[in-house]
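Novice: sequence and predicted structure, then a few things I'm wondering about:
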Amino acid sequence: MKTELKEISPTRKQIDVVIEPEAVRAVYDRITDQYTKGANVPGFRPGHAPRGVVRTRFKDQIRTELLRELLPDAVQKAVEEHQLAPLGEPELNLENSEGLSELGQKPISFTVNVEVLPDIKLGDYKAVYDRISDKYAKGANVPGFRPGHAPRGVVRTRFKDQIRTELLRELLPDAVQKAVEEHKLAPLGEPELNLENSEGLSELGEKPISFSVNVEVLPDIKLGDYKGLEVARRTRPVNDEDLDRVIESLRENSATLEPVEDRGARPGDTVTANFYGK
């Protein structure tokens, strides 16, 4: 098996994988023989149809079983060979492989896309690490050394936590911002940072610092084909009684009040009254 690693972005890698015809043929022959043993093909005794006939009759089933057996192991080996740590399931692309139409005759080629943790490379932060270490060294009072003259290594050991905290405070905000911009994300809130599994934190200046960033974004809602849809229009029949009721309601809402003094109050009147309780 041949593999080639390509960097699509700092957090996305592509592995081009080629499985040689010999490796494909061995599995192809074995699976074909399994189908042959139980195949009932018109014109042949059960289990005695020629291999070519079986391959033509059960072409899709044999190919599916072949890929199910070959690909997971090939993907795993490719990822391990390039020492990648996928954040999720690798994305497989078989669309352009000629080997799928001529199994056992041509190589099976495919690509694997892998999302990985972003790295702060050594070259990006070693100078910052040295600068912060030297700053601590200038003011450090370390037993056995004159003030400000302790070796850099001694200072890094004595002030390890403080130097690491200051280093991360300076590096991470910019690294997170660049990662978010690179993937054209629009965070809804503050990105959530995870540094738990980074070996680079325990070996500052020797290994890259890896981290993950969780970002909440607006959902991507894709509309289906809504044009040309037929919708039943709901109608409500209106009779004369309904119409009279609405007209009467409008009249009442628009009416003006007139004083009445020659009779008592009746239903529907508006009465203004003053009363005193004891």
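Specialist: On my side now, so go ahead.

Novice: quick one: low-confidence ranges for the stretch 101-250 of the chain?
Specialist: Scanning the stretch 101-250 of the chain with the threshold set as pLDDT under 70 gives 117-124, 196-200.

Novice: please enumerate the helices of it.
Specialist: 122-139, 152-158, 160-182, 240-254 (DSSP state H, counting those that start in this stretch).

Novice: mind checking those helices for the one nearest to residue 267?
Specialist: Closest approach to residue 267 among those (C-beta to C-beta): helix 240-254, 12.9 Å. For the C-beta atoms, the positions are set from N, CA and C on the backbone; glycine is no exception.

Novice: out of the helices of the stretch 101-250 of the chain, which gets nearest to residue 63?
Specialist: Once those are compared by C-beta to C-beta, helix 160-182 is nearest, at 37.9 Å.

Novice: show me the contacts for residue 69.
Specialist: For residue 69, the contacting residues are 27, 31, by C-beta atoms under 8 Å, 6 or more residues apart in numbering.

Novice: could you point out which element follows the host helix or strand of it?
Specialist: For residue 69, the host element (DSSP states H and E) is helix 59-81. Next helix or strand after helix 59-81 toward the C-terminus (DSSP H and E): strand 91-93.

Novice: looking at the helices of the stretch 101-250 of the chain, which is closest to residue 57?
Specialist: Taking C-beta to C-beta, helix 160-182 is the member of the helices of the stretch 101-250 of the chain nearest to residue 57, at 50.1 Å.

Novice: show me what counts as buried in that closest one.
Specialist: In terms of neighbour count (16 or more other C-beta atoms under 10 Å), helix 160-182 has its buried residues at 163, 164, 166, 167, 168, 171, 172, 175, 176, 179, 180.

Novice: need those residues in JSON lines with distance to residue 130, can you?
Specialist: JSON lines is the format used below for the buried residues of helix 160-182 (distance: C-beta to C-beta, whole Å):
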{"residue": "163", "distance to residue 130": "10"}
{"residue": "164", "distance to residue 130": "14"}
{"residue": "166", "distance to residue 130": "13"}
{"residue": "167", "distance to residue 130": "10"}
{"residue": "168", "distance to residue 130": "15"}
{"residue": "171", "distance to residue 130": "13"}
{"residue": "172", "distance to residue 130": "18"}
{"residue": "175", "distance to residue 130": "18"}
{"residue": "176", "distance to residue 130": "23"}
{"residue": "179", "distance to residue 130": "24"}
{"residue": "180", "distance to residue 130": "28"}
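
Novice: among the residues you listed, which one sits closest to residue 45?
Specialist: Nearest to residue 45 among the buried residues of helix 160-182, counting by C-beta to C-beta, is residue 179 at 64.0 Å.

Novice: state the distance from that closest one to residue 217.
Specialist: Counting by C-beta to C-beta, to the nearest Å, the gap between residue 179 and residue 217 amounts to 13 Å.

Novice: quick one: residue 126 and residue 206 touch, right?
Specialist: No. Using C-beta atoms under 8 Å, residue 126 is not in contact with residue 206; the gap is 9.4 Å.

Novice: more neighbours: those two, which one.
Specialist: Set residue 126 next to residue 206 and count neighbours by other C-beta atoms under 10 Å: residue 126 wins out with 13 against 10.
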